[in-house]
Structures are given as structure tokens and as C-alpha cells.
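*Asks:* how would this look folded up:
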Amino acid sequence: MAWGPDRWRFYRLVARETARTFRAVGASLTASPDILARMRVTGLVIAPQDLRTSDATFADDIYAGLFVFAGRSLAASGGSPFDYAPPSPEWADELYGFGWLRHLRAADTALARANARAFVADFIVGRGDPALARHTPVAARRLISFLCQSPLVLEGADHTFYQNFLKAIARNAQQLERDLRRGVPPQWRLNAAVALCYAGLCCDGIQPILRRATRILSRELDRQILTDGGHRSRDPRFAMELLLDLLPLRQSYLSRSVEPPAALLRAVDRMLPLLRLLRHPDASLSHFNGMGATDADHLATLLVYDGALARPMMHAPNSGYERMEGGRVIVVADVGKSPPLPFSLNAGAGCLAFEMSSGPQRIVVNCGLPASGPDLRLLARSTPAHSTASVAGASSCRFLTATGWWGERMVAAWLIRRRGAVVLRGAAAVAAERVEESDSIVLAARHDGYAPDFGIVHERRWQLFPVEARLEGRDAFLRQGKGRVRGHDVAIRFHLHPGIAVRGVPDGLELASALGEIWMFRAEGAEIAIEESVYFSGLTGPRRTDQIVLHLRVSDDVEVRWSFARLASAPMRGATAP
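*Replies:* Numbering: from 1, shown residues only. Modelled structure (predicted):
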């Protein structure tokens, strides 16, 4: 790691995490007995609604000893899943978060209820890895899950189990209270505040915590939800999961005859329209900044609260997203900066990337974030995994990685374990402009993410002609600095959805969708190639697909033009879509 801005950001991050560690130690040594005494849960008053859809067939897998979370599976062979090493960190988060209890509740059988109690009892008596369960967002999810699924867990339970369950809720609330006092990353603070508000509304004996948690929730929502409805992380998945918790929380306030905080009402009203901006007609969200496969049922549930006739917003300048829509064609583009470092755990280097749909068929996509696997997830966040331009195979932002001399590698590995591969540096200047013309919609944007290392500024212009069903694009690469410059290889990538078949024809590339549409891709100013790609966001896991790649070498200002045009609505001869 060369001396420069990246190194100073690295050491500032080290200083912050070190200070947070000392604060955590101090908080544990000076914990107020009065605060912890208020955490004695004496009973449950309400069980909030869980908006996440459930699948009763999951109970069948449980009966067979198969636990499938985050794209990974574990066969427990009749034992407890807490006695096995997790197949991935994401799998462990799902297990210890207990959100899967809703599937057992959907089965609505005595066996499902008995299984649920048995697994909760295993956890309560200490089976499993305490360090994995202590992770703040996991603890927050577990507290909400216990409260929402308490009817399932407690039906038919004896008094001893009931008291142990209440104590487990109290311990969980105590831990989140400590986490808020010692200082945790902002998204975790929001998770913890939401969970503690649930606890304060649902439990007898800890009402005082509701006032403090509501204050923290209001403060964090006002800080983290932007005026156009996006979250500061720019992560559509985090926003969707947050809304799935905020909507029942709003109802829980009303059920207890408590006025919901104004910040909660504002956040819900702002966030729902932004989800519509990012939504494609196939009922999934665009694959930007942490978004992988979309739970279509969850998204549909949320959008019901926005009104069936609500129109999507087209312009989200604070969040850095734009939507162009005409006829059957929809284009969603990322024209924003990388989020601030504390919010960048899942951020991708996809500045000026876009996705395009025609009706319910995705055509151009980004690879999306896989459900599990740190290495794969980091690869999916790189610029080459997005439908935009990359210089010399590098990303337009710098991720935290374990590089440098051995001491820095050790410190970086410690930081990654604590915070993940955050973004140390992104584009400093990102600008976008949108124009609505009589026959088209024009969007132009630029970023300087490659300027520090390669002296190149990337500009992209999209022009959508709705009547002709044609998208024209232009990528320009502008050299910065004076004197003699060295050329760099540039690749402009258009990742195709697995439902698209592509083949070369004399004047370009012909694309056929599984729904029977034919599109023509043309480009000038670069060499066209069809290469392999991977679509990480499939509902059944990663899938092989193709990508169109335009190769060129940039040693001076250069411009490449390309276009997608719909030709017909009949199957392509001699080719079949997968």
C-alpha cells in the first residue's frame, strides 16, 4: 500500500476501530446495574406481525435434518445445527438470527411447534458459538424473530421454558443496549434501535428502554435515510429489509396506543417510492451495491403499502440512481458516489453501470451479490462484475484488502474480520444530468474513479427512444494531466441475463430473449467480443451466462458508441434461449 490518501484512510480506520474496542471494554466495566435491572422481562404483551413470507415446505427439510440458509446447506443428521461448523458466515448469521422460525410457524403442526421449541431451547442453554450469536445485527434479528414468532414457540410450552424464553429476550436486549452504549457501526445502531423498540413495545418490565430506543431510532433514521428515500449505504437489500421491520413496528406503536415517532413515518413514506425506481417488471430489484436475488414476495408485500397505482420515481439525486422508462423498455443506472466508509460494507464499484429490461425480461444486468462466500462477494463488487467500463481490469474504487507489509496485512485482516471489506476510496467527483426531449430521454454522467491511478475520466451517455425501443449509448475516456501518457486497456462490459441467447451476425450481435424478442447490438470504436460471465443473483444460485465486451486501448481521448435496438418479436432462427 503506497503512501497517499488510501494509506491515511486505512490508518484512520484503524484508529477508529481501536477506539471502539476500548469503548466496548469500558462500557462492559462501567455498565450501570440500574439500566440492566430494567431489562427483566415479566411477560409478553403483543406479538408483532412478520411481513416476510414463509414456506411450510421448509419444515420438511427440518424434519429431514437439512438446514438451507444463504445458498448453503448443512445436513444435521438428526442432531442440532448448533453443534456443527457453519458452512459460511452468512449461513451462520441466518441460523443465529432465527428468522427461519416463520417457516415452521407456517407449517402449523404440533411437530413444527415442538421442533421450534427444541431449537430455541438448544440456543438458550448455550449450544453453538456465542461469538457468532453476539454479532449486533444477528442479535437484533434474533430479538425481533423471538418476539414475532413467540406464539409458535410458546404454544404448549411449560412454565420453565416460558421463563427461560423471557430471560433469553432480556439478555438479548441487554446485549443490544450495551452495543449502543459502546458504539457500533451506524447500520448496526439502526438494527439495534429497531429491535429494542420492538422489545419495549412487546414486553412488560422493560418499558423504560422504549423511550431511549425511540430517541435513538428517530436520530438514526433522520441521519441514515436520505431525502429521496435511499439509505446512505445505497444498498437496496438493506433498505428492503429495514422496511420489512419498520412497517410492523409502526403498527406495534399504534397497537400499544403509543404515537409512532415522526422520523419513522417520514422514513417509510420516503423509502417505498425509491424501491419502485429500482424495480424491474420481473418483480426484482436492480443489482447495485449489495443487491443479489430479490425475494419477490417480500417486495410485492412492501409495495402494497405504497398503493397499487403508485408510479415509480425517476430521479433520485441523493441516492445516485436514475430510471428511464419508455414503452416496454426500462433502464436503471447507478450515477452516484461510493457511500461513506462506515456504510460501504456491501458497496460495489459500479459507477455508471446500468441494467435494461424489456417487459418482464431482463436483458442487461450486473452480476449481483451472491448469498454466501467472502471471496465471491468481493469479486461481485468489483467493476468488471458490472455493466460499465473498467480500466486495466481494475475497479473504480479501492476496497480494504490484506495487502502491504506484513504488519499492515495483519491489521487489515483484523479490520476485515470486524468490519468487512469496506471501500477506502471511491470516485471523488461524480456528476449526472438528465434531459427529457420530445422523442427520447437523455442521461449523461461522469466519474473520476480512474483518475488517480490511470489519469482517465469516464463519461457515459444514454439516450432511450421509447417509440423505436432503442437505447443508444456513448462511452468517452478523457485523459487528465499533461505530457506523454501510457496507454491502458479498457473493457466496456454488458453482462447479459441467462435468459438471453447471443450470437454474432455480419453487422453486430443478435440477442434473443426467452420471451421471443430479438434485439440487435452494434458498436463502433472498439472490438466486439462475446465472453463468459456468471449471474450470481439467480434464485437457485449462480448461473452461467454471457457478456458482451468492447475492448479498446486508451492513450488519448477516445469515444465508443453502441446501441441496443429491438428488431422483432419472434424467436431467433437457429438459436434457442437457455
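*Asks:* All the helices of the stretch 201-350 of the chain, in order from the start?
*Replies:* Applying DSSP state H, counting those that start in this stretch to the stretch 201-350 of the chain gives helices spanning 207-224, 236-255, 262-278, 296-304.
*Asks:* same for the last one, what does it pack against?
*Replies:* What it means is helix 296-304. Helices and strands touching helix 296-304, as assessed by 3 or more C-beta pairs under 8 Å, 6 or more residues apart in numbering; DSSP states H and E, comprise helix 236-255, helix 262-278. (Each C-beta comes from the backbone N, C-alpha and C, glycine too.)
*Asks:* Buried residues, that helix. List them.
*Replies:* Residues His298, Leu299, Thr301, Leu302, Leu303 are the ones in helix 296-304 that count as buried (16 or more other C-beta atoms under 10 Å).
*Asks:* from what I can see the first one touches Arg52, true?
*Replies:* The reference is to His298. Yes - counting by C-beta atoms under 8 Å, His298 does reach Arg52; the two are 5.9 Å apart.
*Asks:* so what sits against both of those two?
*Replies:* Common neighbours of His298 and Arg52, counting by C-beta atoms under 8 Å, 6 or more residues apart in numbering, are Leu244.
*Asks:* Can I get the helices and strands packed on helix 296-304 in TSV including distance to Gln163?
*Replies:* Listed next are those as TSV, based on distance: least, C-beta to C-beta, whole Å:
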stretch	distance to Gln163
helix 236-255	24
helix 262-278	32
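*Asks:* hmm, back to that, which of the helices of the stretch 201-350 of the chain sits closest to Ala85?
*Replies:* Of all those, helix 236-255 sits nearest to Ala85, with 26.1 Å by C-beta to C-beta.
*Asks:* re earlier: okay, the helices and strands packed on helix 296-304 in a markdown table with distance to Ile492, mean pLDDT and mean neighbour count next?
*Replies:* What follows is the helices and strands packed on helix 296-304, written out as a markdown table (distance: least, C-beta to C-beta, whole Å; pLDDT from 0 to 100; neighbours: other C-beta atoms under 10 Å):
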| stretch | distance to Ile492 | mean pLDDT | mean neighbour count |
| --- | --- | --- | --- |
| helix 236-255 | 24 | 97 | 21 |
| helix 262-278 | 23 | 95 | 19 |
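*Asks:* which one of those helices lies closest to Glu94?
*Replies:* Nearest of the helices and strands packed on helix 296-304 (C-beta to C-beta): helix 236-255, 12.4 Å.
*Asks:* before we move on, back to that, tell me which of the helices of the stretch 201-350 of the chain sits nearest to Gly43.
*Replies:* Of the helices of the stretch 201-350 of the chain, nearest to Gly43 by C-beta to C-beta is helix 207-224, at 11.8 Å.
*Asks:* For the closest one, buried residues please.
*Replies:* For helix 207-224, by 16+ other C-beta under 10 Å, it's Ile209, Leu210, Arg212, Ala213, Thr214, Ile216, Leu217, Ser218, Glu220, Leu221, Gln224.
*Asks:* Check which helices and strands it is in contact with.
*Replies:* Helix 207-224 packs on helix 159-182, helix 186-202, helix 262-278, going by 3+ C-beta pairs under 8 Å, 6+ apart.
*Asks:* low-confidence ranges in the stretch 301-450 of the chain?
*Replies:* Scanning the stretch 301-450 of the chain for pLDDT under 70 picks out 307-310, 402-419.
*Asks:* any idea where the strands of it begin and end?
*Replies:* 315-316, 321-326, 329-334, 354-358, 361-365, 389-391, 398-399, 423-425, 430-436, 441-447 (DSSP state E, counting those that start in this stretch).
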